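A.B. asks: Have a look at this prediction, sequence included:
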Number of protein chains: 2
Amino acid sequence: MPTLQDVANLANVSTATVSRVLTGQTVHTENKEKVEKAIKELNYKPNTVARNLRRKKSNLIIALMPDVKHQFYSEIIRGIEEEALKAGYNVLIGSNTFESDQELRHFELLEGSQADGIIVGTSQVKQELLEEVSKRKPVVLVNGHLTGSNIPSISIDNERASYVMTKHLLQLQHKRIAHVMGPSNTMLARERLKGYKRALREAGVEFDKELVYEGDYFFHSGYEIGKRILTVQETVDAIYSTSDEMAIGIIRALTEKQIKIPQEISLVGFDDITISKYSYPSLTTIHHPRYEMGKKSFNLLLKLLNNKKIGKKHIFLEEDLVVRESCGAAQST
Amino acid sequence: MPTLQDVANLANVSTATVSRVLTGQTVHTENKEKVEKAIKELNYKPNTVARNLRRKKSNLIIALMPDVKHQFYSEIIRGIEEEALKAGYNVLIGSNTFESDQELRHFELLEGSQADGIIVGTSQVKQELLEEVSKRKPVVLVNGHLTGSNIPSISIDNERASYVMTKHLLQLQHKRIAHVMGPSNTMLARERLKGYKRALREAGVEFDKELVYEGDYFFHSGYEIGKRILTVQETVDAIYSTSDEMAIGIIRALTEKQIKIPQEISLVGFDDITISKYSYPSLTTIHHPRYEMGKKSFNLLLKLLNNKKIGKKHIFLEEDLVVRESCGAAQST
DNA sequence: TTGTATGCGTTATCAC
DNA sequence: GTGATAACGCATACAA
């Protein structure tokens, strides 16, 4: 591999001049041309590692997500990537689905100056670790927030979105609404449960904990929960699944038993993943602005990277209720 | 940020000794302890950029994929990541769905020594560029291969898999089998078409180009094609969609019109993505060993990184026919 | 505008 | 086994 020195030799100028040409500083046209010719001739590519060491900046950021496979996160990533590209940053995507020390490896990259900042999209990382790292490097949280923390974060208002969704069902005269939540040890799942409860309370419908089912957001748990709900079907008007994937698992379980959605039971999801439009029936759901969230999370990080002040510590994005086929008015019994 | 020098000062040893402790070389126990104490006290983290410059190695590889969003690719990525982790490598995932110069940026990282090698999972990259880069850096192709090229690659035998799938349909007595292909300008789509044709020929069924539809592997194109097929429904026994996503779009289109699958028309897909098990009906499909493919592609790259010889230039993986509900025997007309 | 010289933080090569 | 020192490739302060 040719180096800057080689180029300088061939062009008969100093390394400084070559460097100046590379970084677009003012250089006499003749010299510039000589340098460019030499670069081409040698097929020279700047060594970015050396450059980064010198500049103390890598222009690389890390996006740490719990699961790249899940469409939910891949859209966040797309948003991050697109904005990062504009700002001249590369994105290293980390998933911490495997052993927990993989996650630490990503923080090592950060601490080792191989990356300039990190966007964390997972609740699996210990808060202490995050707080500790954020003292030294820019950290942004996406799709969640830490109570009593100074780390900037961005998410939708899950409590509110859940309230909106539940209210929609209540306005359609549903009373017995099953709530399919995510892992109950996560704040996200608990917030959505809270919104559900608030809507019930407001409507004067009593909360029944028998109607709460706990899943893991994936197809299979929806399918299993769907089968369980079938055993108590006559007591349920509608099902509110807090992920579209689970909702699709539920569709499968109900359809297997010839239960018609929404005629016999209404179903709504949460997230608005691509397939929700093509399922049968298509899903009424909450459109989660994941792509937007990804974009904004990077912009937040960029501000930190440039030492700019961030106003609010936590940013809430607007969600949208998307009405499709899977949910109709309650049949008058 | 404390440096190795700081540690050396505090521990009263030379930087060389500190470096030796860090890299696990033999050092007297007492010195080792002093150094470790100093490291802890200063909360020292090695600067990997400097290390990489010195070692001329980044332990970072790039996985360049056309679309991270698509589950097909995210499984390949998972396989790559898992193996990379074992070998102590980090993975920078690049997607070239956006402007084409983003793709070049990833190659710049490679040429700039910020990454040690690249796994390319997209046919969008120009072959010349690939050949050029592979002279200097390890390159592996995944999910495809280049004719007359020395670049190692790994994929399933798409022609054969397609032949197997078509034969399955023919054995169920289907004769008029619609073929929903991917973009006809890609080798992958053409190979699958070839396999389909070969099976027909072998069975003595005449190929009818009217039965060939071109999509883009995504839900929506399947949905649109499904609607088009409905207009000539009576002439079609079965539909062979070369992606599960398109197949699910087709299910939606047919279900909307109350067409029963497989009773009125059989449908098969290709890929075996997660949802195919939960769609209604569940999809008969070809299980594509994407995860395995990701793993093996990294192991191939690892060999190149270690300057080991690679036997075969192209590796074929075995595919599996997965029989589910969407496909049954032809009704005797 | 240009060149010289130095340093970024680490590892490798020497002597000792 | 250890320490001094050079080198990795580049960018920049300073002098010219």
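C.D. replies: Alright, I've got the coordinates.

A.B. asks: From now on I want contacts and neighbour counts done on CA atoms only, so please keep to that.
C.D. replies: OK.

A.B. asks: residues in contact with the helix or strand hosting A:L169?
C.D. replies: Using DSSP states H and E, A:L169 sits within helix A:158-171. Residues from elsewhere that reach helix A:158-171 (CA atoms under 8 Å, 6 or more residues apart in numbering or on different chains): A:177, A:188, A:191-200, A:203, A:238, A:240, A:285-286, A:319, A:321.

A.B. asks: same thing but 6 Å
C.D. replies: Contact with helix A:158-171 is made by A:E191, A:R192, A:G195, A:Y196, A:A199, as judged by CA atoms under 6 Å, 6 or more residues apart in numbering or on different chains.

A.B. asks: CA-only coordinates of that helix in CSV, if you can.
C.D. replies: Below are the C-alpha coordinates for helix A:158-171, written out as CSV (Å, rounded to 0.1, in the frame of the first residue of the first chain):
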residue,chain,number,x,y,z
ASN,A,158,-46.0,4.6,25.1
GLU,A,159,-48.4,5.3,27.8
ARG,A,160,-50.3,7.7,25.6
ALA,A,161,-50.2,5.6,22.5
SER,A,162,-51.6,2.7,24.5
TYR,A,163,-54.2,4.9,25.9
VAL,A,164,-55.2,6.0,22.4
MET,A,165,-55.4,2.5,21.1
THR,A,166,-57.5,1.3,24.0
LYS,A,167,-59.8,4.2,23.8
HIS,A,168,-60.4,3.4,20.1
LEU,A,169,-61.5,0.0,21.1
LEU,A,170,-63.7,1.3,23.9
GLN,A,171,-65.3,3.8,21.5
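
A.B. asks: Could I get the buried residue list for it?
C.D. replies: Using 16 or more other CA atoms under 10 Å in any protein chain shown as the test for burial, helix A:158-171 gives A:158-170.

A.B. asks: will you turn these into TSV that also has distance to A:Q25 and pLDDT?
C.D. replies: Conversion of these to TSV gives the following (distance: CA to CA, whole Å; pLDDT from 0 to 100):
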residue	distance to A:Q25	pLDDT
A:N158	49	96
A:E159	52	97
A:R160	52	97
A:A161	51	98
A:S162	54	98
A:Y163	56	98
A:V164	56	98
A:M165	56	98
A:T166	60	98
A:K167	61	98
A:H168	60	98
A:L169	63	98
A:L170	65	97
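
A.B. asks: Tell me the one of the residues you listed nearest DNA strand D?
C.D. replies: A:N158 (44.0 Å; CA to the nearest atom of the strand).

A.B. asks: In the stretch 201-333 of chain A, which residue sits closest to DNA strand C?
C.D. replies: A:L305 (17.6 Å).

A.B. asks: how about the nearest residue to that residue, chain neighbours excluded?
C.D. replies: A:P138 (6.3 Å; CA to CA, 6 or more residues apart in numbering or on different chains).

A.B. asks: residues near the one you found, how many?
C.D. replies: The local packing of A:P138 (other CA atoms under 10 Å in any protein chain shown) involves 23 other residues.

A.B. asks: in terms of contact, does it touch A:I119 like I think?
C.D. replies: No. Here A:P138 does not reach A:I119: they are 8.5 Å apart, not a contact under CA atoms under 6 Å.

A.B. asks: Stretch A:208-218 and chain B in contact?
C.D. replies: No. Applying CA under 6 Å from any CA of the partner chain, one finds stretch A:208-218 separated from chain B by no less than 9.8 Å.

A.B. asks: list the contacts for A:S326?
C.D. replies: Contact analysis of A:S326 by CA under 6 Å, 6+ apart lists A:I261, A:P262, A:S266, A:L267, A:P281, A:S282, A:L283, A:T284.

A.B. asks: quick one, helices of the stretch 201-333 of chain A?
C.D. replies: A:219-230, A:244-256, A:290-305 (DSSP state H, counting those that start in this stretch).

A.B. asks: Can you report how many residues lie near the nearest residue in space to A:S113 that is not next to it in sequence?
C.D. replies: Distance criterion CA to CA, 6+ apart; nearest residue to A:S113, sequence neighbours excluded, is B:N47 at 5.9 Å. By the criterion of other CA under 10 Å, B:N47 has 20 neighbours.

A.B. asks: swap in A:E128?
C.D. replies: Using other CA under 10 Å, A:E128 has 9 other residues around it.

A.B. asks: Over to A:L193?
C.D. replies: By the criterion of other CA under 10 Å, A:L193 has 22 neighbours.

A.B. asks: How about A:N43?
C.D. replies: Using other CA under 10 Å, A:N43 has 13 other residues around it.

A.B. asks: next one: A:N150
C.D. replies: Around A:N150 there are 14 other residues, counting by other CA under 10 Å.

A.B. asks: Now it: closest residue in space that isn't a chain neighbour?
C.D. replies: Computed as CA to CA, 6+ apart, the closest residue to A:N150 that is not its neighbour in sequence is A:K313, at 6.7 Å.

A.B. asks: Ramachandran angles for that neighbour?
C.D. replies: Main-chain dihedrals, A:K313, degrees, to the nearest 10: phi -80, psi -30.

A.B. asks: Would you check how far apart it and A:I80 are?
C.D. replies: From A:K313 across to A:I80, the span is 19 Å (CA to CA, to the nearest Å).

A.B. asks: and A:L92, what helix or strand is that in?
C.D. replies: Residue-wise, A:L92 maps onto strand A:90-95 under DSSP H and E.

A.B. asks: chain center to stretch A:288-300: distance?
C.D. replies: Its chain's C-alpha centre and that of stretch A:288-300 lie 8 Å apart, by CA atoms, centre = their mean, to the nearest Å.

A.B. asks: Up against DNA strand C, what does chain A have?
C.D. replies: Where chain A comes near DNA strand C, counting by CA under 7 Å from any atom of the strand, the residues are A:12-17, A:26-31, A:50, A:53-54.

A.B. asks: Just the buried residues of the residues you listed.
C.D. replies: By neighbour count, with 16+ other CA under 10 Å, those hold A:V13, A:T15, A:T17, A:N31, A:A50, A:L53 as buried.

A.B. asks: Can you say which two of those are spatially most distant?
C.D. replies: Pairwise distances across those (CA to CA) peak at 26.7 Å, for the pair A:N31 and A:L53.

A.B. asks: which bits of chain A sit near DNA strand D?
C.D. replies: When proximity is defined as CA under 7 Å from any atom of the strand, chain A approaches DNA strand D at A:1-5, A:15-17, A:19-20, A:22-23, A:45-48, A:50-51, A:53-55.

A.B. asks: Recalculate using a threshold of 10 Å.
C.D. replies: For chain A, the residues in contact with DNA strand D (CA under 10 Å from any atom of the strand) are A:1-8, A:14-25, A:44-56.
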